[in-house]
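Novice: here's a sequence, model it:
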Amino acid sequence: QVQLVESGGGLVQAGGSLRLSCAASGGSFRIYTMGWFRQAPGKEREFVAAISGSGRNTYYGDSVKGRFTISRDNIKNTVYLQMNSLESEDTAVYSCARKSLNSANYGASTSYDYWGQGTQVTVSS
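Specialist: Modelled structure (predicted):
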């Protein structure tokens, strides 16, 4: 049974930073691309970032490029999202997910088969 548990969310002022963590259990963590998505109230789920199993390849949504950094530790079975220069528009529930092996589109939520419960990030202006 694959489980993903996010942590690190909270309330931060605009311009501040947060680091989210997603601890995975079950399955062979190191072979899967992992992703972060977010969903704000009344909005569709949005792709934030993804990282290949080895960690060599990373991908970002346009709205977070240059501000957010995704990384992973395949010993600790954990993926991270470092968020800097936070803006009020970054307020959302952030969820990590594991991409299925036979899906090529890392930016589509439908490519991911396991999801965490999400962690709330609130940025005050």
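Novice: ignoring the adjacent residues along the chain, who's closest to Ala14?
Specialist: Closest residue to Ala14 apart from its sequence neighbours, by Cβ to Cβ, 6 or more residues apart in numbering: Ser125 at 4.8 Å. The C-beta positions use only the backbone N, C-alpha and C, and glycine is treated the same way.
Novice: just the helices in the chain please.
Specialist: In the chain, no helices are found when defined by DSSP state H.
Novice: ok, now which ones touch the residue nearest the centre of the chain?
Specialist: In the chain, the centroid-proximal residue (Cα atoms, centre = their mean) is Trp36; its distance is 2.1 Å. Going by Cβ atoms under 8 Å, 6 or more residues apart in numbering, Trp36 touches 20, 22, 48-50, 70, 79, 81, 94-97.
Novice: how about a cut-off of 7 Å?
Specialist: For Trp36, the contact set (Cβ atoms under 7 Å, 6 or more residues apart in numbering) comprises 48-49, 70, 81, 94, 96.
Novice: looking at the residues you listed, spot the one nearest Leu11.
Specialist: Among the contacts of Trp36, Tyr94 lies closest to Leu11 (Cβ to Cβ), at 13.5 Å.
Novice: what about that closest one, how many residues close to it?
Specialist: 23 (other Cβ atoms under 10 Å).
Novice: which residues pair with it across the strands?
Specialist: Arg38, Thr119 (DSSP bridges).
Novice: do Ser25 as well
Specialist: Gln3.
Novice: could you measure from it over to Asp113?
Specialist: Using Cβ to Cβ, to the nearest Å, Ser25 is found at 15 Å from Asp113.
Novice: of those two, who's got more company?
Specialist: Ranked by neighbour count (other Cβ under 10 Å), Ser25 and Asp113 place Asp113 first, with 14 against 11.
Novice: relative to Ile75, how far out is that one?
Specialist: Asp113 is 23 Å from Ile75, by Cβ to Cβ.
Novice: what does Phe47 give?
Specialist: 26 Å.
Novice: higher neighbour count, those two?
Specialist: Applying other Cβ under 10 Å to Phe47 and Ile75 shows that Phe47 carries more neighbours, namely 23 against 8.
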